[in-house]
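Engineer: kindly return the folded structure for what I paste below:
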Amino acid sequence: MMMIHWYEPSTLTEWFKRMFSILNLTIIIITVGFVFSEFRYNWCENLMGVYLASTNNSRPEKGTIWETGDKTSKANTHLKEIIDKQQSTTRNALKASSFLELTSGVNPGEWVNLDREHFKKLYIKLPDYTADKLIPSAKLLFLLNNPDLDRIFIEGQEDKSLKIFFLNANNLVLKKIDLNKEMFETPEIGTQFVMGTSLDDFEGFKDRIYPAGQFFKAMTDLSFDKINDLVEDPDILLEKNGRIIRAGIWNETKAGYIKIGFEYKYKSQTNVLLVNGRELVVWELIINLKGSNQ
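Structural biologist: Alright, predicted model coming up:
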């Protein structure tokens, strides 16, 4: 006969009573709730994370795992900076309404691709003399309609200039042109009236001072369109008091313009009006002046 301890239940009913007692049920419910809440809210991981974060400074930052993670984090940060910078450059290029804005938006070492239509719109806005310096319109027309042209690649340079590459599908260069801010500089002086002086007082007019009659004779030998294109605002010549007795041509070119000086005689005083003449027309005028001296 098997011995039964006094504390063991003697019947099946007592076994069930002990098994499903309030204490046991409470323990089961708490355990199930604990496990469920962990799966639902991950509070164990969160508590562990808070603890590790609070004690992070006191732990040594050494070991292969930490160094690998640190390098990975730095690499990801650097890669994100590169991507953000490139995206910013691309946005600036797409928003650019002129080549001058484009040179400001693409920094040294950065690059961007432009489509044909955008490049053409920027080119059309250029003044004629700047457009010819960049690339003649006939050559650009040939390039943009060349079936081999795949994309236009623009790269920023150290001196805030741009290198523009016309590439085919194999990245072979069909044409390379350089673009710099000097092409867009405005002349130093627009129109300036200097009273009480003469052309001889300006070193830049040395050896290029002509009597008014000779100057205007050479000027009338130009075509009508070029006469109108010589000075941006010819009416200003009529607004000044006095008579033009001499004219001078500056010996330097600035942003597609050459300075022209007109010396006025008014009563007992001489005054000088400085205006900007378009470079190409001024050079043709100089040839006419040299011909009139022979």
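Engineer: the residue lying closest to residue 158 once chain neighbours are set aside and residue 152, how far apart?
Structural biologist: Excluding its sequence neighbours, the residue lying closest to residue 158 (Cβ to Cβ, 6 or more residues apart in numbering) is residue 108, at 4.8 Å. To be clear about C-beta, it is placed using only N, CA and C from the backbone, and glycine gets the same treatment. Look at residue 108 and residue 152: by Cβ to Cβ, to the nearest Å, they are 19 Å apart.
Engineer: the more surrounded of those two?
Structural biologist: residue 152 (21 against 12; other Cβ atoms under 10 Å).
Engineer: surely that one touches residue 116?
Structural biologist: Yes. At 6.9 Å, residue 152 counts as touching residue 116 under the criterion of Cβ atoms under 8 Å.
Engineer: domains of the chain?
Structural biologist: The chain breaks down by automatic domain parsing into domains covering 79-184, 192-293.
Engineer: let me have those domains in JSON lines, adding distance to residue 48 and mean pLDDT as columns.
Structural biologist: Shown next, in JSON lines, are those (distance: least, Cβ to Cβ, whole Å; pLDDT from 0 to 100):
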{"stretch": "domain 79-184", "distance to residue 48": "28", "mean pLDDT": "80"}
{"stretch": "domain 192-293", "distance to residue 48": "68", "mean pLDDT": "87"}
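Engineer: out of those domains, which is closest to residue 73?
Structural biologist: For the domains of the chain, distance to residue 73 was read as Cβ to Cβ. The smallest value, 10.7 Å, belongs to domain 79-184.
Engineer: okay, the domains of the chain in JSON lines with distance to residue 12 next?
Structural biologist: What follows is these, written out as JSON lines (distance: least, Cβ to Cβ, whole Å):
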{"stretch": "domain 79-184", "distance to residue 12": "68"}
{"stretch": "domain 192-293", "distance to residue 12": "108"}
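Engineer: buried stuff in stretch 222-232?
Structural biologist: 222, 226, 229-231 (16 or more other Cβ atoms under 10 Å).
Engineer: repeat for stretch 274-283
Structural biologist: For stretch 274-283, the neighbour count (16+ other Cβ under 10 Å) marks 274-278, 280-282 as buried.
Engineer: which two among those residues are spaced furthest apart?
Structural biologist: Most distant of the buried residues of stretch 274-283, by Cβ to Cβ, are 274 and 280, 19.5 Å apart.
Engineer: that older thread, show me the contacts for the residue nearest to residue 158.
Structural biologist: The contact partners of residue 108, by Cβ atoms under 8 Å, 6 or more residues apart in numbering, come to 156-158, 160.
Engineer: just the buried members of the residues you listed?
Structural biologist: 156-157.
Engineer: among the contacts of residue 108, which are in strands?
Structural biologist: residue 156 (DSSP state E).
Engineer: need the contacts of residue 108 in a markdown table (columns: distance to residue 196).
Structural biologist: Output for the contacts of residue 108, formatted as a markdown table (distance: Cβ to Cβ, whole Å):
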| residue | distance to residue 196 |
| --- | --- |
| 156 | 48 |
| 157 | 46 |
| 158 | 46 |
| 160 | 40 |
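Engineer: of the contacts of residue 108, closest to residue 175?
Structural biologist: Proximity of the contacts of residue 108 to residue 175 was ranked by Cβ to Cβ; the top entry is residue 157 with 17.3 Å.
Engineer: please tell me I have it right and the closest one contacts residue 163.
Structural biologist: Yes. Residue 157 lies in contact with residue 163 (Cβ under 8 Å); the separation is 6.2 Å.
Engineer: re the thing from before, and the buried residues of stretch 222-232, which is closest to residue 29?
Structural biologist: Among the buried residues of stretch 222-232, residue 229 lies closest to residue 29 (Cβ to Cβ), at 95.9 Å.
Engineer: name the element that closest one belongs to?
Structural biologist: Element membership of residue 229 [criterion: DSSP states H and E] is helix 224-230.
Engineer: chain center to that helix: distance?
Structural biologist: 35 Å (Cα atoms, centre = their mean, to the nearest Å).
Engineer: so where do the helices sit in the stretch 51-200 of the chain?
Structural biologist: Using DSSP state H, counting those that start in this stretch, the helices of the stretch 51-200 of the chain run over residues 64-95, 99-105, 116-124, 128-134, 137-144.
Engineer: deepest of the ones you listed, which one?
Structural biologist: helix 99-105 (a mean of 19; mean count of other Cβ atoms under 10 Å).
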